[in-house]
Structures are given as C-alpha cells and as structure tokens.
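**Q** What would the 3D arrangement of this be:
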Amino acid sequence: MADHYDILVCGGGTAGLTVAAQLRLADAALNVGIIEPSDKHYYQPLWTLVGGGVFPKEESQRDEGDIIPDGADWIRDRVASFDPDHNAVGLESGRRATYGHLVVGLGIQVNWAAIPGLVESVGKAGAGVCSNYSYDTVDSTWEAIRGFKGGRAIFTEPITGVKCGGAPQKIMYLAEDYFRKQGIRDKCEVVFCNAKATHFSCDHYTRTLLDLCAKRHIRINYKTELVELRPQSREAVFRHTDTKAETVLGYDMIHVTPPMGSPDVLKNSPLADDKGWADVDKHSLRHVRYANVFALGDCSSLPTSKTGAAIRKQAPVVVENILADRAGTPAGGHYDGYTSCPVVTGYGRLILAEFDYTKAPCESFPFDQNRERYSMYALKAYALPRMYWHGMLKGRL
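**A** From the prediction side, this is the model:
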C-alpha cells in the first residue's frame with residue numbers, strides 16, 4: 001500500500017469500482033487506490049430474482065480480487081475516519097492514506113438491529129421471517145415463499161431510503177404470482193406495510209402499480225412502519241408514522257426490508273450533511289465544502305433513488321470533473337438525477353421505470369414502458385447482469 005494516491009476511492013462496490021475503472025481507462029498513469037475490506041462482491045439487483053427462486057444466489061457473487069481494475073491498488077482495509085482538512089483517510093489497521101482527490105462510494109448501511117426480534121429470526125428455518133437484503137438471508141425468501149401454504153404474508157418497507165426504492169414491492173409481486181400459480185391464492189392474504197405515504201417515487205408509474213395491487217387484491221397500509229418482531233408468537237408491531245399509534249399483526253410469513261442509512265464512519269465525519277449522507281452538489285457530485293472530494297451512489301446526499309442505474313450515470317460525471325480538475329480546466333460534468341428501477345411485477349413481467357430529478361419519465365425504449373412486458377423482464381434477468389460484470393465494472397458503460 002502506498003502512503004499517497006492521486007485518487008483514493010473509498011468503497012469497492014458498484015460506485016467505487018465503476019469510477020476507478022473509468023479513471024484507469026482514461027489515464028493509465030493515475031495512481032488509484034481502492035479501500036475495500038470484503039473479499040466478495042455482489043450484484044445485488046439479482047437478489048429479487050434469487051428470492052423468487054429464479055436464480056441461485058451464487059450467480060450474484062464474484063471474488064473482489066477478480067474485478068479490481070487493472071493497475072489500481074486494492075487496499076484490503078476498512079475506512080475508520082475521514083480527515084478532509086488534511087486530505088487524509090484513517091484506516092482500521094491504524095495506517096493513514098493521503099490523496100489528491102477523494103471519491104466516497106461506501107454504499108448504504110443495513111441496520112438489522114434497529115428492529116427488535118429481527119436479527120434472531122430472519123433466515124431461521126421455520127420462523128417465517130425472510131429478507132432479500134443480504135447474501136446470507138436471500139435464500140430464506142425463496143424457502144418461505146415456496147413453503148407457504150396459506151395465511152397472511154406481509155411485506156414491509158421502512159421510512160428510510162433503501163437500496164432500489166422499488167425492491168420491497170418487487171418480491172411481493174413475485175410471491176403473489178407464485179401463490180396464484182400454486183393454486184393457493186384464495187387462502188392467502190397479501191399485505192404491503194409501507195412506512196412511506198406514497199406507493200412509488202415517480203407518479204407516472206404509481207397508478208399502474210396501484211392498479212396491479214387492486215387487481216391482485218394486495219392490501220396496502222401506508223405510513224405503517226415495522227418497529228418490532230415477536231418471533232415466538234409470530235406477531236409484527238407496526239407504528240403509524242403520523243399518529244404513533246401501534247398495531248399488532250400476526251403473520252405466517254413476513255419479508256422484512258430493514259431500515260437503512262449512511263455508514264456510521266461517514267455519518268460521524270466532516271463530510272456528512274445533517275442526515276449523515278456525503279454532502280455533495282446534486283449536479284457536479286462535488287462536496288459542498290471540500291472541492292477535491294466527490295461522492296456518488298447510495299451514501300451520497302443526491303435526491304434520487306439509490307440504484308445501480310443511477311451510479312452508471314453518476315460515475316462519468318465524477319470522472320470528468322476529477323480529470324478536469326487535474327488538467328486545470330473547467331469541470332463541466334453534470335448529473336440530472338437519472339435513475340432506473342426495473343419493477344418486477346411477476347414471473348416474466350416487468351415495468352421499467354426511468355426518471356430524473358424532476359420525476360419526469362426518461363425512458364430508453366421506443367414503446368410505453370409503463371406496461372408489464374416480458375422483454376423488460378428478460379433485460380433485467382439476463383442482459384443487465386452481463387452488462388454489469390463485463391461493461392460497467394470494466395469502465396466501459
């Protein structure tokens with residue numbers, strides 16, 4: 001490990017690797033360091049389909065060492081502190097690295113312990129509690145769905161931002177479709193407990209999704225946040241986000257989307273805004289107080305849905321602006337808030353939602369994407385993973 005880097009990247013996930021790969025392609029002389037402690041990398045968008053029994057979870061995993069960009073220095077350590085006043089990052093090992101530019105791509109922190117009863121029950125055989133939000137628990141979702149014989153199936157979404165805002169309801173649509181195909185739908189009550197006040201972040205697609213819920217007899221409870229599980233009695237405690245009144249619902253199966261937030265190391269640093277996110281300009285992705293610091297992806301303050309598709313548009317902006325800084329030219333990289341959420345609505349069916357900061361549709365195909373289509377499902381299931389591994393992480397997309 002060197003003591004100083006031209007560009008130091010914090011995080012070897014989607015954001016960090018994409019930026020590092022593009023930087024190395026643009027200038028092979030750049031000294032780029034990537035701080036990442038994990039030896040495995042996951043294509044997490046596939047976990048919805050893993051949870052639905054379409055793919056084995058191993059399809060989503062690669063060795064981190066195999067996807068580190070050529071010529072970049074993999075620092076197998078964890079960020080312990082940020083010292084932007086001295087252009088330095090402290091590492092868990094006690095070492096310290098300095099930088100010319102810093103790129104923060106630490107992702108989002110899944111706060112499993114924030115819901116009492118969740119850690120001890122999620123993924124445990126026979127508990128009926130499952131979640132797609134980790135590699136270790138995603139198998140439990142498919143086990144719960146295929147073993148379900150009837151009763152109440154609850155799907156939750158927290159008030160916090162989450163990885164891919166549509167993911168909490170995608171697995172619900174797959175489960176409901178599976179129950180129907182198995183001939184047990186009339187024995188099932190499917191309930192979506194959404195802590196937010198709206199169904200989806202872009203109104204253009206919301207009506208279609210609500211119509212699907214109505215047609216499929218999915219009950220929706222808004223402003224209803226999961227605050228506790230009682231695994232022994234199979235009860236879930238929900239709190240209304242306005243009135244704070246609590247309701248207890250029994251469950252036979254519950255898929256939990258845990259609350260998420262900024263990583264603690266970022267939240268407690270000078271780089272954070274008042275909510276703990278890396279405080280950057282929403283168009284340039286440059287930090288509002290430290291001109292040589294950029295952030296992108298799930299850990300950033302950008303007011304858009306946290307998706308891999310958003311990172312694909314953010315990364316070139318970061319790269320363009322860093323290279324301009326180094327060349328002493330005006331930095332013109334500009335991000336318009338584009339994000340995409342492929343909403344799986346059943347086996348072989350998907351609505352591809354694409355929009356920007358204005359919540360206006362930014363659709364890529366010459367047809368109405370606000371309809372369920374097999375072609376869009378095939379795009380998510382088969383094309384996008386290949387584009388990710390062989391294009392985006394190589395700096396080519």
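**Q** list the buried ones in the helix or strand encompassing Arg24?
**A** Using DSSP states H and E, Arg24 falls within helix 14-26. Using 16 or more other C-beta atoms under 10 Å as the burial criterion, the residues of helix 14-26 that qualify are 14-25. (Each C-beta comes from the backbone N, C-alpha and C, glycine too.)
**Q** do the same with stretch 257-269
**A** 257-263, 265-267, 269.
**Q** I'd like the distance from that stretch to the chain centre, please.
**A** 13 Å (C-alpha atoms, centre = their mean, to the nearest Å).
**Q** hey, C-alpha coordinates of that stretch in CSV?
**A** Output of stretch 257-269 as CSV, limited to C-alpha atoms (Å, rounded to 0.1, in the frame of the first residue of the first chain):
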residue,chain,number,x,y,z
THR,A,257,-36.8,-4.6,4.3
PRO,A,258,-34.7,-3.4,7.2
PRO,A,259,-34.2,0.4,7.8
MET,A,260,-31.1,1.7,6.2
GLY,A,261,-28.9,4.7,6.5
SER,A,262,-25.5,6.3,5.9
PRO,A,263,-22.5,4.2,7.1
ASP,A,264,-21.5,5.2,10.7
VAL,A,265,-18.0,6.2,9.6
LEU,A,266,-19.4,8.7,7.2
LYS,A,267,-22.3,9.9,9.4
ASN,A,268,-19.8,10.9,12.1
SER,A,269,-17.4,12.7,9.8
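**Q** what does it contact?
**A** Stretch 257-269 is contacted from outside by 79-82, 104, 106-112, 114-115, 118, 131-133, 155-163, 167-168, 272, 275-278, 299, using C-beta atoms under 8 Å, 6 or more residues apart in numbering.
**Q** now do stretch 319-326
**A** Against stretch 319-326 from outside (C-beta under 8 Å, 6+ apart): 6-7, 19, 22-23, 26-27, 100-101, 103, 284-286, 291-292, 294, 330-333.
**Q** can you do 7 Å?
**A** Contact with stretch 319-326 is made by 7, 19, 22-23, 26, 101, 284, 286, 294, 330-333, as judged by C-beta atoms under 7 Å, 6 or more residues apart in numbering.
**Q** Tell me the secondary structure at Arg239.
**A** Here Arg239 takes the strand state, with states given by DSSP: H, G, I helix; E, B strand; the rest coil.
**Q** shouldn't it be in contact with Val248?
**A** No. In this structure Arg239 lies outside contact range of Val248 using C-beta atoms under 7 Å: 10.7 Å.
**Q** Could you check which of the two is surrounded by more residues?
**A** Counted by other C-beta atoms under 10 Å, Arg239 and Val248 do not tie: Arg239 has more neighbours, with 18 against 11.
**Q** can I see the domain layout of the protein?
**A** 4-108+262-337+389-394, 111-260 (automatic domain parsing).
**Q** For the closest residue to Ala72 other than its chain neighbours, what are phi and psi?
**A** Excluding its sequence neighbours, the residue lying closest to Ala72 (C-beta to C-beta, 6 or more residues apart in numbering) is Val32, at 4.5 Å. Main-chain dihedrals, Val32, degrees, to the nearest 10: phi -110, psi 130.
**Q** okay if I get the buried residues of helix 14-26 as CSV plus distance to Val190?
**A** Listed next are the buried residues of helix 14-26 as CSV, based on distance: C-beta to C-beta, whole Å:
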residue, distance to Val190
Thr14, 31
Ala15, 34
Gly16, 38
Leu17, 37
Thr18, 36
Val19, 40
Ala20, 42
Ala21, 41
Gln22, 42
Leu23, 46
Arg24, 47
Leu25, 46
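**Q** sorry, back to before: could I get the contacts of stretch 319-326 in JSON lines, plus columns for pLDDT and distance to Arg146?
**A** Converted to JSON lines, the contacts of stretch 319-326 look like this (pLDDT from 0 to 100; distance: C-beta to C-beta, whole Å):
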{"residue": "Ile7", "pLDDT": "98", "distance to Arg146": "46"}
{"residue": "Val19", "pLDDT": "98", "distance to Arg146": "39"}
{"residue": "Gln22", "pLDDT": "98", "distance to Arg146": "41"}
{"residue": "Leu23", "pLDDT": "98", "distance to Arg146": "44"}
{"residue": "Ala26", "pLDDT": "97", "distance to Arg146": "47"}
{"residue": "His101", "pLDDT": "98", "distance to Arg146": "48"}
{"residue": "Ser284", "pLDDT": "98", "distance to Arg146": "47"}
{"residue": "Arg286", "pLDDT": "98", "distance to Arg146": "48"}
{"residue": "Phe294", "pLDDT": "99", "distance to Arg146": "44"}
{"residue": "Pro330", "pLDDT": "97", "distance to Arg146": "56"}
{"residue": "Ala331", "pLDDT": "97", "distance to Arg146": "52"}
{"residue": "Gly332", "pLDDT": "96", "distance to Arg146": "52"}
{"residue": "Gly333", "pLDDT": "97", "distance to Arg146": "46"}
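**Q** those helices in the chain, which residues are they?
**A** Counting by DSSP state H, residue ranges of the helices within the chain are 14-26, 47-51, 64-67, 138-146, 167-181, 203-215, 264-267, 308-327, 374-378, 384-390.
**Q** tell me what the fourth one is packed against?
**A** What it means is helix 138-146. helix 47-51, strand 129-130, helix 167-181 (3 or more C-beta pairs under 7 Å, 6 or more residues apart in numbering; DSSP states H and E).
**Q** let's see it at 8 Å
**A** helix 47-51, strand 129-130, helix 167-181, strand 253-255 (3 or more C-beta pairs under 8 Å, 6 or more residues apart in numbering; DSSP states H and E).
**Q** Pro231 is nearest to which of those?
**A** strand 129-130 (6.6 Å; C-beta to C-beta).
**Q** I'd like the average pLDDT over the closest one.
**A** Here strand 129-130 scores 98 as its mean pLDDT.
**Q** The residue nearest to Ala72: neighbour count?
**A** Neighbours of Val32 (other C-beta under 10 Å): 24.
**Q** coming back round to it: which ones among the contacts of stretch 257-269 map onto strands?
**A** 79-82, 104, 109-110, 155-157 (DSSP state E).
**Q** Just the closest of the residues you listed to Arg62, please.
**A** Val110 (20.2 Å).
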